[in-house]
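>>> Structure for this input, please:
(2 chains)
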Number of protein chains: 2
Amino acid sequence: MRQSQLLLTTLRESPADAEAVSHQLMLRAGFIRQLAAGIYTYMPLGRRVLRKAEQIIREEMDRAGAQELLMPAMQPVELWKESGRYSVYGPELIRLHDRHDREFALGPTHEEVITSIVREEINSYRKLPFTLYQIQTKFRDERRPRYGLLRSREFLMKDAYSFDADWNGLDQSYTKMFNAYNRIFTRCGINFRAVEADSGAIGGEGGTHEFMALADIGEDTIAACTCCEYAANLEKAEPGILPLEAVAGFDAEPLEKLLTPGVRTIDQLVLSLQIKPADIMKTVIFMVDHNAVAVVVRGDHEINEIKVKDHLGAKSISIADPDTVERVTGLPIGFIGPRGLTIPVLVDHAVLQMPYGIAGANEADYHYRHFNAGRDIDLLQVGHFRNAAEGDRCPSCNEGVLKFHRGIEMGHVFKLGTKYSEKLGATFLDSAGKDQPMIMGCYGIGVSRILSAVLEQNHDEHGMIWPSALAPFHVHLIPISSKDDIQMQAANDLYNRLLENGVEALLDDREERPGVKFKDSDLIGIPIRIIIGKDAEYGNVEFVERRNLKKESISIHDAVARIMEFVSDL
Amino acid sequence: MRQSQLLLTTLRESPADAEAVSHQLMLRAGFIRQLAAGIYTYMPLGRRVLRKAEQIIREEMDRAGAQELLMPAMQPVELWKESGRYSVYGPELIRLHDRHDREFALGPTHEEVITSIVREEINSYRKLPFTLYQIQTKFRDERRPRYGLLRSREFLMKDAYSFDADWNGLDQSYTKMFNAYNRIFTRCGINFRAVEADSGAIGGEGGTHEFMALADIGEDTIAACTCCEYAANLEKAEPGILPLEAVAGFDAEPLEKLLTPGVRTIDQLVLSLQIKPADIMKTVIFMVDHNAVAVVVRGDHEINEIKVKDHLGAKSISIADPDTVERVTGLPIGFIGPRGLTIPVLVDHAVLQMPYGIAGANEADYHYRHFNAGRDIDLLQVGHFRNAAEGDRCPSCNEGVLKFHRGIEMGHVFKLGTKYSEKLGATFLDSAGKDQPMIMGCYGIGVSRILSAVLEQNHDEHGMIWPSALAPFHVHLIPISSKDDIQMQAANDLYNRLLENGVEALLDDREERPGVKFKDSDLIGIPIRIIIGKDAEYGNVEFVERRNLKKESISIHDAVARIMEFVSDL
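Reported below is the predicted structural model:
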């Protein structure tokens, strides 16, 4: 395309309200324009990148055997009432009334719709399994839209849904999607991790992974192994455990009571005893389904309430207030410890691995030292009751340690199970003629988010650096002077030759100073730049890689060869 | 694709509420499913066809130099207030409120949004002209959704907008789009006409054409020439006029008064005088901007109020009620004629071309005969004041005559002029440094409608007959018996060979009786069918063209060659 005809307005300054680099760059480089808070137009360059992401996703979905369909954005709320989500989804669900006063929701997701379609189409195990997908616009009325395409209110999503006759089948469907997601994000040139995640609000019974692009702007924390592929959400990660033998032989010192008058908090203990928080065993009382339990973690660790709740198979959990603690234990706050309590004592693995620690003595102004959990607590339950911490042992390879990253969620694969098929009555007759709910999985990718994630990872102080598979054009041709006939002739020849060979070339034929052209070129970040200057007379041009801005003078012939090689790798 | 894995449920019966053949077929063949009135899901086969239509449109838009972008569906109503359409669009515009109670419209079209974008991006004639397009979901709350995808509430549309510095430029932009539309609908295999149309509600100052697929179900009537390319909407068509010399020499008979007691209507005149309606000159009184005018047309013609209004440059028109007629003319209804009236008399061309006619005598119980408009009316204004009729002379070639067709509107090209650029302040500095509003055009295609139009034109009693460019698959492979190893081996070999060559093949590998497979195959209408039966043992198959169901026994080798030839033509 000739740049003089391209609708492209670049800005020198970043708009003041754009916090994320990717957002700033997309505005400055004219890839997107805001129409309302969290609502964007994809301008021609942005649309090209978005289409490339769509195409990669579509190819990999098809390759994984998924079938494309297209569901409506307008969804009758009756379906949301059937699933029970109408009342719980909250103001993120955009609702409207049609001219007959019938209520609709603008789909933030399509579990209800797909289940209602499949229940009409399928009645026998013979027609299972299958996976359906669509690439379609979603609506979510975010409370606080931000970061441009990262958290917007109208966005492009790929959502897929699998239907199986049994859980084994779901595992296979899930794996196919999991592998497809790995291929998609790899092809997009993203540095990502597939992260074990929590099931959260969407509901469901099986496993779930989030595909996270590593980026400082990310709103999630990921714990990833330094050696192997293991990664999990901070809340979900279960740190590796040393075999207990490794910490055995440390119970030689007897339990000992210390006078610690007025020393109630971790900080006070650290100061007064000249120890580290990691030397302390912290005991916290929770109310779990209206019963009090004590949870013991290392002094430097954070208790993870979801893990406590899940361990007990409970529905609700909250930290006990001081009055409740005194009422339930009869003990003074600040000196509570795990020994001799009459309520269940949940001890985190890391505490069991401490040879000795400092713990409350359940007596005002006293703590224990040389406390060994295995030895000194009678009825303890051991489990994972805390968030992972940096430096924790990897639970998968047991060699590396966990390191924390910030991540942008780009995709999510989820074993839904029978939640929606039961609520909406999507059943089939199994081979024995018995009615069964279908086993479902759901699989989402934020297509627009991919652009943000890629840019967060691929930019420099001059602008965007597009990975080749997503670049709006492959090659940017820049004649130094649009008034020099030799340069323009060479540029036009090269341009036509590239087009004939299927190369996506952008020719900057504008009457602008070279500095303006180079600044724009840096900003929009096309991977290869060919500068046609004075040496064009001798058949030479400058070949520039946007990623490192390395310049090289080569013949036009060699330039074409290198460009063709580059394109053939795509 | 293997049909056993395709989500496809065909129905033997047409749903009772589907009136149009295309709607019935799409439901029966499992191409679409209704989610709510006028709201559909495209199932896998329907999605494939829709994607092919999208692709053809995209290619031709790009070829015409248009640039793709993607605008949001959610539009702040402030823009609709700026354009003035907020108050006039009515209940077809779906409105909603976000969580902050800000009002949005779901875009039925994007003139406001595109104009608001361009006004920020462009400020100089140097950056004009350009044309932008998108393929995007639109929302229109139709009062009466019907005919499946033909009149639905959520639908896929291609909309394009051109921006020019002057009217000459608009003419060129318009012509590019006009030509692109011709290519698109030709490639889609549609029998269509580009029809001169009325500007209607969208507003604008220039020309406009509708692209109409000829089909009985169509809601519009088109007058098209039997000889040349001329076609126009019934309301817009202006019939050809014979040179007046051709009807001269007939004023020899003097005007004569006839006693016609109680004969007031055309029907009564026909009966009582034994004449045809075409022998009568019909005079009707209208109130145009509060002034009375008389309009005279031939007795068998329909007055076109818009043409009358446009002729007078008026804003409103309505037929005068009997009291008004008597008050304004002082004459008895049923005997009013054009001679001697004191109000303006508008005479249709066809009346001027009548040598003689019967007309009211402006006196109770009398008519004139041998009335010649040119001779017997003093102050007449001649013009086109009626709808075209079948058999009218073509105004373009003056050789053929007009024939009426029913048409489905698939596309619309429109010279908008400055309506939106003025209202929304999209101006640019011209070469003299003067601020000017941009000259706009808009160009729509109902992408989903193409499917309906194609099916209305391409079906038989057995089902769909897809034109090759839109077919969901190129070839349907049907082994007669899925239990016959030789047949299945031959079918699988052929299938793999076709896939390797880029042919889109559907292999019916289901365990069904041949009759079921053939019925389904007829219904979904893939252009080429290969039946693999007993002769597969000897390397022969049956080659069937869906369009005529002609069967031919040929070698597998020849079948492949013919299929490859077919595909290369696409």
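
>>> From the contact counts, what lies against the longest strand anywhere in chain A?
Identified as the longest strand of chain A according to DSSP state E is strand A:402-417. Here strand A:402-417 touches helix A:167-187, strand A:192-196, strand A:208-214, strand A:220-225, strand A:439-446, helix A:447-457, going by 3 or more C-beta pairs under 8 Å, 6 or more residues apart in numbering or on different chains; DSSP states H and E. In this view, the C-beta of every residue, glycine as well, is placed from N, C-alpha and C.

>>> Direction included, what does that strand pair against?
Pairing partners of strand A:402-417, with direction, according to DSSP bridges: strand A:208-214 (antiparallel), strand A:220-225 (antiparallel), strand A:439-446 (antiparallel).

>>> you'd agree A:Leu255 is up against A:Tyr366?
No. If you go by C-beta atoms under 8 Å, A:Leu255 and A:Tyr366 don't touch, sitting 11.9 Å apart.

>>> host element of A:Val113?
helix A:111-121 (DSSP states H and E).

>>> That helix: which residues count as buried?
Under the neighbour-count criterion of 16 or more other C-beta atoms under 10 Å in any protein chain shown, helix A:111-121 has A:Glu111, A:Glu112, A:Val113, A:Ile114, A:Thr115, A:Ser116, A:Ile117, A:Val118, A:Arg119, A:Glu121 buried.

>>> got it, and stretch A:387-406?
Buried residues in stretch A:387-406 (16+ other C-beta under 10 Å): A:387-389, A:392-396, A:400-402, A:405-406.

>>> Just give me the residue closest to the centre of chain A.
A:Glu409 (1.9 Å; C-alpha atoms, centre = their mean).

>>> quick check, the helix or strand just after the longest strand of chain A touching chain B?
Counting by DSSP H and E, the element after strand A:402-417 in chain order, helix or strand, is helix A:419-424. No. Shown here: helix A:419-424 not in contact with chain B (C-beta under 8 Å from any C-beta of the partner chain), separated by at least 13.3 Å.

>>> and helix A:419-424, which residues are buried?
A:Lys419, A:Tyr420, A:Ser421, A:Lys423, A:Leu424.

>>> still on that earlier bit, mind checking the strands paired with strand A:402-417 for the one nearest to A:Lys309?
strand A:208-214 (17.3 Å; C-beta to C-beta).

>>> okay, and for chain A, where does confidence drop off?
A:198-206, A:245-251 (pLDDT under 70).

>>> ok, the residue nearest to A:Arg562 when sequence neighbours are not counted to A:Lys550 distance?
Distances taken as C-beta to C-beta, 6 or more residues apart in numbering or on different chains put A:Phe543 closest to A:Arg562, at 6.6 Å, once the chain neighbours are dropped. Distance, A:Phe543 to A:Lys550, using C-beta to C-beta, to the nearest Å: 9 Å.

>>> Quick check: bridge partners of A:Arg95?
According to DSSP bridges, beta-bridge pairing links A:Arg95 with A:Ala105.

>>> roughly how far apart are it and B:Ile266?
Distance from A:Arg95 to B:Ile266, by C-beta to C-beta: 56 Å.

>>> Could you look up the SS state of the residue in the stretch 451-570 of chain A positioned nearest to chain B?
Of all residues in the stretch 451-570 of chain A, the one sitting closest to chain B is A:Glu511 (8.7 Å; C-beta to the nearest C-beta). Here A:Glu511 is recorded as coil under DSSP: H, G, I helix; E, B strand; the rest coil.

>>> Do I have it right that it meets A:Ser482?
Yes. Using C-beta under 8 Å, A:Glu511 is in contact with A:Ser482, at 5.0 Å.

>>> ok, those two, which is more surrounded?
A:Ser482 (17 against 10; other C-beta atoms under 10 Å in any protein chain shown).

>>> about what we covered before: would TSV of the helices and strands packed on strand A:402-417 with mean neighbour count and distance to A:Ala505 be doable?
Compiled in TSV, the helices and strands packed on strand A:402-417 are given as follows (neighbours: other C-beta atoms under 10 Å in any protein chain shown; distance: least, C-beta to C-beta, whole Å):
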stretch	mean neighbour count	distance to A:Ala505
helix A:167-187	19	22
strand A:192-196	23	30
strand A:208-214	25	29
strand A:220-225	22	39
strand A:439-446	26	29
helix A:447-457	26	21
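
>>> Dump stretch A:325-344 to CSV, keeping only the CA atoms.
Taking Å, rounded to 0.1, in the frame of the first residue of the first chain, the C-alpha atoms of stretch A:325-344 are listed here in CSV:
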residue,chain,number,x,y,z
VAL,A,325,-11.1,-15.4,69.1
GLU,A,326,-11.3,-14.8,72.9
ARG,A,327,-14.7,-16.4,73.1
VAL,A,328,-13.7,-19.5,71.1
THR,A,329,-10.3,-20.1,72.6
GLY,A,330,-10.5,-18.4,76.0
LEU,A,331,-7.1,-17.1,75.3
PRO,A,332,-5.4,-13.7,75.0
ILE,A,333,-4.8,-12.5,71.5
GLY,A,334,-1.1,-12.2,70.6
PHE,A,335,-0.1,-15.3,72.5
ILE,A,336,-2.2,-18.0,70.8
GLY,A,337,-0.3,-21.0,69.5
PRO,A,338,-1.2,-24.4,68.1
ARG,A,339,-0.4,-26.5,71.2
GLY,A,340,-3.4,-27.6,73.3
LEU,A,341,-6.1,-26.0,71.3
THR,A,342,-9.5,-27.6,71.4
ILE,A,343,-10.4,-26.6,67.8
PRO,A,344,-9.0,-28.2,64.6
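
>>> what does it rub up against?
Here stretch A:325-344 makes contact (C-beta atoms under 8 Å, 6 or more residues apart in numbering or on different chains) with A:260, A:263-265, A:281, A:283, A:285, A:291-294, A:296, A:320, A:322, A:345, A:347, A:359-368, A:371, A:373, A:376-381.

>>> and these, which are buried?
Using 16+ other C-beta under 10 Å as the burial test, those include A:260, A:263-264, A:281, A:283, A:285, A:292-294, A:296, A:320, A:345, A:347, A:359-362, A:366-368, A:371, A:373, A:376-377, A:380 as buried.

>>> Go through those residues and flag which are in strands.
Going by DSSP E, the strands hold A:281, A:283, A:285, A:292-294, A:296, A:345, A:347, A:359-360, A:366-368, A:371, A:380 from the buried ones among the contacts of stretch A:325-344.

>>> Identify the residues contacting the residue nearest to A:Arg562.
Per C-beta under 8 Å, 6+ apart, neighbours of A:Phe543: A:Ile528, A:Arg529, A:Ile530, A:Lys551, A:Glu552, A:Ser553, A:Ile554, A:Asp558, A:Ala559, A:Arg562.
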